[in-house]
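Colleague: Got a predicted structure plus its sequence, pasted below:
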Amino acid sequence: MSSIDFSPPSYRAASSDLTISISPLGLVELADEEFEVHGPRLNRYSLNWAMYLGHHTSYRRQAGEPAVVLNYYRAISDFIINFTFSKGVQFRSVKATEAIIPDLLERVWEIDNNKATVLWEIGQQGTVSGDCFIKVAYEEAYEDPAGGIHPGRVRILPLNSSFCFPEFHPHDRERLIRFKLKYRFWGTSLEGTRQVYTYTEILTEDTIEEYINDEMIDSRPNPIGMIPVIHIPNVRVSGSPWGLSDCNEIISINRIYNETATDIADIVNYHAAPVTVIIGAKASQLEKGANKVWGGLPKDSRVENLEGGGQGLKGAMEFMTRLKQAMHEMTGVPETALGQAQPISNTSGVALSIQFQPLMNRYHQKIVQYAHGLERVNELVLRTIALKEPEAFSLNLDTDVMPKPDQLVELDPNDPETYRTYVYFPPPLPLDKLIVLNEVQSLLSLGLQSKEGALRDLGEEFPESKLQEIRQELIDDAVADGALRLVQAEIENEIMAMTGGTAMGDTGAGGGAGAPTPASGGAGAGAMPPPQPMQPVLDPQTLDVLSLGESDLRTKLVTAAYGTRLPQRKIPQDYQK
């Protein structure tokens, strides 16, 4: 075996791997009590991040000797992150707050923050470190030097787990009573030189304190009354507040795999340039090189290449195959997930779920923790909005969709239901759309499902908005169809007038389309006309509303039928610049 040394975690905590993977400036200085509490956790983080970033060995081989590093730790970690968060996350609220809360959360996650990037960072910190810390902060509105106005926004900030030093309640491991954020950064001193500073922020339910190099620079009350940091353990460990990484079990396996691959590379390199053994002759008399012929050797002399190690290649390759299979078995990721060629088939979603059952088990184990954690993040987001933008808790009837009768138009900041949300992870495996559509259609025809529920089953994040969009499209289609029929009626009238016929809707004295038909039985001119149906008597205010609606509809029809059409310029599809 090649001489590759793997340092224990206690040594790696002070090695360069930790400096590279956790902080470009090295670890912060910890008190004895902090190191006793957080030292093992930081050692675990350093080992996991060193593996993720490809620092699998602490021994550097001589120049020209290859060191093979196949980073399955990172490949499997990235696959698990992508499998869990690639479809995104959907947020829902209770029925009473559905008119306001979903739009606020969409604004915060999609506009104020990059939702996809934030979710990836959350998943990466949790998958590699085993713990994820998320801070919610508010960025005040400001004006940039160019005069542009930037409105205030709520920031969702995934923190580096190695910078976080939480203090949990001694009898409740989910309740934070104190949180310290501590890291180093480069800055410019008063003398103009660049130097490293240590920033510390201490958060409690009552106060917020900030320090630079142990010197307090700011102290203020906590306006929310809660520590704005959420801790999410990746894989829960009973009796411990800390979580475990997804690939913790394959660290030693990946190291042995790389060590074996390096040995095989050494054997291959040796056979490419073997050692030549000369027996009974002098090497100075022989010229080495391509297309060279050696002759005149002594009678009992012998020249041959030194062979060795090749007999073990087959066993080494089988051993590497078994190690790779073990890594997939320990993490639940199937071998075909990392690019192994497989025949194309129309495997159903149910069959894929059975085939990926170990991975689905790990997926469900993760989303239990992340769903609860993201619900708490949304609570902090809504409490921050209630403090900084209280007007956002009221519905704008001029621009927003008209709420349903059981939905609130103004939220109460003191009501706990205001901050209650639900997190939904879409299915990670592809769905059989035709099967789902047939099931939804059957449920709708039997009256066992609503259209809103059907849209949710199909993966729609905002079904109510989608239904409103469908209704508006039907209204627009009806208006367009009415405008078309109005133009057709006008054309028919013009044709009838030009040809001398009776125009559509013309009721002349001679008896037109609207003239009453004499009753059979020879009723004369003095016969009484048939009784007309009684028109309902409407309230004057109702008549005004109806007249306004008719006027508005008439205007839309006339505009759609005869309105001004500005000339448009279109570029042909085959146009090439």
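Modeller: Received it, and whenever you're ready, just let me know what you need.

Colleague: what distance separates the longest strand along the chain from the middle of the whole chain?
Modeller: The single longest strand within the chain, with elements called by DSSP state E, is strand 172-188. Averaging C-alpha coordinates over strand 172-188 and over its chain gives two centres that are 26 Å apart (CA atoms, centre = their mean, to the nearest Å).

Colleague: mind giving me the domain split of this structure?
Modeller: 1-271+314-338+351-430, 436-495 (automatic domain parsing).

Colleague: would a markdown table of those with distance to Thr559, mean neighbour count and mean pLDDT be doable?
Modeller: C-beta: built from backbone N, CA, C; applies to glycine. Output for those, formatted as a markdown table (distance: least, CB to CB, whole Å; neighbours: other CB atoms under 10 Å; pLDDT from 0 to 100):
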| stretch | distance to Thr559 | mean neighbour count | mean pLDDT |
| --- | --- | --- | --- |
| domain 1-271+314-338+351-430 | 22 | 16 | 86 |
| domain 436-495 | 8 | 14 | 82 |
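
Colleague: Just put these in TSV and tack on distance to Thr555.
Modeller: Below are those laid out as TSV (distance: least, CB to CB, whole Å):
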stretch	distance to Thr555
domain 1-271+314-338+351-430	20
domain 436-495	11
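
Colleague: Which of the ones you listed sits closest to Leu297?
Modeller: With CB to CB as the measure, domain 1-271+314-338+351-430 is the member of the domains of the chain nearest Leu297 (24.5 Å).

Colleague: Let me see the ranges of the strands in this protein.
Modeller: 90-93, 131-139, 142-143, 149-150, 153-159, 164-169, 172-188, 194-203, 207-212, 215-221, 229-233, 276-279, 302-305, 421-424.

Colleague: Check the spacing between the spatially closest residue to Arg61 that is not a sequence neighbour and His56 real quick.
Modeller: Excluding the flanking residues, the one nearest Arg61 by CB to CB, 6 or more residues apart in numbering is Ala67, at 5.0 Å. Separation of Ala67 from His56 (CB to CB, to the nearest Å) stands at 9 Å.

Colleague: Need the residues touching each of these two.
Modeller: Common neighbours of Ala67 and His56, counting by CB atoms under 8 Å, 6 or more residues apart in numbering, are Asn258.

Colleague: Enumerate every residue touching Trp186.
Modeller: Contacts of Trp186 (CB under 8 Å, 6+ apart): 25, 194-197.

Colleague: Tell me the bridge partners for it.
Modeller: Per DSSP bridges, the residues bridged to Trp186 are Val196.

Colleague: chain center to the longest helix seen in the chain: distance?
Modeller: Using DSSP state H to define each element, the chain has its longest helix at helix 463-499. Centroid displacement of helix 463-499 relative to its chain, using CA atoms, centre = their mean, is 42 Å.

Colleague: swap in stretch 211-226?
Modeller: Per CA atoms, centre = their mean, the centroid offset for stretch 211-226 relative to its chain is 32 Å.

Colleague: Now do that stretch: everything it contacts.
Modeller: For stretch 211-226, the surrounding residues in contact (CB under 8 Å, 6+ apart) are 197-210, 380, 383-384, 387.

Colleague: right, and Lys404 touches Leu395 too?
Modeller: No - Lys404 lies out of contact with Leu395 (CB atoms under 8 Å); the separation is 11.6 Å.

Colleague: show me where this structure has helices.
Modeller: 9-12, 16-21, 32-52, 72-85, 101-106, 115-129, 251-272, 313-331, 349-355, 357-388, 433-445, 451-457, 463-499, 540-562.

Colleague: Of all these, which one is nearest Asp415?
Modeller: Evaluated with CB to CB, those place helix 357-388 nearest to Asp415, the distance being 10.5 Å.

Colleague: Check which helices and strands that closest one is in contact with.
Modeller: Applying 3 or more CB pairs under 8 Å, 6 or more residues apart in numbering; DSSP states H and E, one finds that helix 357-388 contacts helix 72-85, helix 101-106, helix 115-129, strand 131-139, strand 153-159, strand 229-233, strand 421-424.

Colleague: who wins for proximity to Trp294 among the ones you listed?
Modeller: Closest of the helices and strands packed on helix 357-388 to Trp294 is helix 72-85, at 47.3 Å (criterion: CB to CB).

Colleague: Can you name every helix or strand that the closest one contacts?
Modeller: Judged by 3+ CB pairs under 8 Å, 6+ apart, helix 72-85 is in contact with helix 32-52, helix 115-129, helix 251-272, helix 313-331, helix 357-388.

Colleague: ok, and what's touching it?
Modeller: Here helix 72-85 has contacts from 51-54, 119-120, 122-124, 127-128, 245-247, 250-251, 254, 257, 324, 327-328, 331, 333, 337-338, 359, 362-363, 366-367, 370, 425, 428, using CB under 8 Å, 6+ apart.

Colleague: quick one: it to chain centroid distance?
Modeller: Distance, stretch centre to chain centre, for helix 72-85: 14 Å (CA atoms, centre = their mean).

Colleague: change the start of the numbering to 507 and stick with it
Modeller: Noted, 507 is the first residue going forward, which turns the last one into helix 578-591.

Colleague: May I have it exported as CSV, CA atoms only?
Modeller: What follows is helix 578-591 as a C-alpha-only set of coordinates in CSV (Å, rounded to 0.1, in the frame of the first residue of the first chain):
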residue,chain,number,x,y,z
TYR,A,578,-17.6,10.5,-3.9
TYR,A,579,-18.4,12.3,-0.7
ARG,A,580,-19.1,15.5,-2.6
ALA,A,581,-20.9,13.7,-5.5
ILE,A,582,-23.3,11.9,-3.2
SER,A,583,-23.8,15.0,-1.0
ASP,A,584,-24.7,17.1,-4.0
PHE,A,585,-27.1,14.5,-5.3
ILE,A,586,-28.9,14.3,-1.9
ILE,A,587,-29.2,18.1,-1.8
ASN,A,588,-30.5,18.3,-5.3
PHE,A,589,-32.9,15.4,-4.8
THR,A,590,-34.4,17.2,-1.7
PHE,A,591,-34.6,20.8,-2.8
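
Colleague: Now do that helix against helix 863-894, angle only.
Modeller: Counting by axes from the mean of the first three to the mean of the last three CA atoms, to 10 degrees, helix 578-591 lies at 60 degrees to helix 863-894.

Colleague: what angle sits between helix 578-591 and helix 819-837?
Modeller: Using the same axes, to 10 degrees: helix 578-591 against helix 819-837 is 30 degrees.

Colleague: so helix 578-591 versus helix 538-558, what angle?
Modeller: Using the same axes, to 10 degrees: helix 578-591 against helix 538-558 is 100 degrees.

Colleague: Give me the angle between helix 578-591 and helix 621-635.
Modeller: Going by the same axes, to 10 degrees, helix 578-591 makes 140 degrees with helix 621-635.

Colleague: quick one on the thing from earlier: for Lys910 and Leu901, list the residues in contact with both.
Modeller: With CB under 8 Å, 6+ apart as the test, Lys910 and Leu901 both reach Ala605.
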